[in-house]
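> One predicted model, sequence on top.
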Amino acid sequence: QVQLVESGGGLVQAGGSLRLSCAASGGTFDRYAMGWFRQAPGKEREFVAAISWSGVGIYYLDSVKGRFTISRLNHQNHVYLQMNSLKREDTAVYYCAASPGSYTSVRSYNHWGQGTQVTVSS
């Protein structure tokens, strides 16, 4: 059973950058695909980015392509989300999640962190 802890959220001005980190423990990290989701108040959860266990397969939500970069370090049990050129609409709680299946299968993500707030001000 893998446990996930996110960090790195905060308040940033539009156009700025943040780097989210997710530390995994209690499982074999490199057997899991990893994803980042977000949820803004009153909105449905969005599947923002994902990376396969090997790091070869990568997915991005269209609205973050070219601005966000997902990466992982399997030997350190970490996954990261580098967020550049942040916009107000990126404001949300960001969740790290792990999947024993395909990195593109939203329903396969069955381990979740507690979330970290990202707030982008104008």
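Everything's here; your move.

> name the element the most centrally placed residue in the chain belongs to?
When Cα atoms, centre = their mean is applied to the chain, the residue found nearest the centroid is residue 36 (2.3 Å). Per DSSP states H and E, residue 36 falls inside strand 33-39.

> got the buried residues for that strand?
Buried residues in strand 33-39, counted by 16 or more other Cβ atoms under 10 Å: 33, 34, 35, 36, 37, 38. No exception for glycine: its C-beta is placed from N, CA and C like everyone else's.

> and which of those residues is nearest residue 27?
Residue 27 has its nearest neighbour among the buried residues of strand 33-39 in residue 34, at 11.4 Å by Cβ to Cβ.

> out of everything not next to it in sequence, what's closest to that closest one?
Setting aside the residues directly before and after it, residue 34 is nearest to residue 79 in space (Cβ to Cβ, 6 or more residues apart in numbering), at 4.2 Å.

> close enough to count as contact, the one you found and residue 55?
No - using Cβ atoms under 8 Å, residue 79 makes no contact with residue 55, being 9.7 Å away.

> relative to strand 33-39, how tilted is the helix or strand hosting residue 21?
Per DSSP H and E, residue 21 falls inside strand 18-25. Counting by axes from the mean of the first three to the mean of the last three Cα atoms, to 10 degrees, strand 18-25 lies at 130 degrees to strand 33-39.
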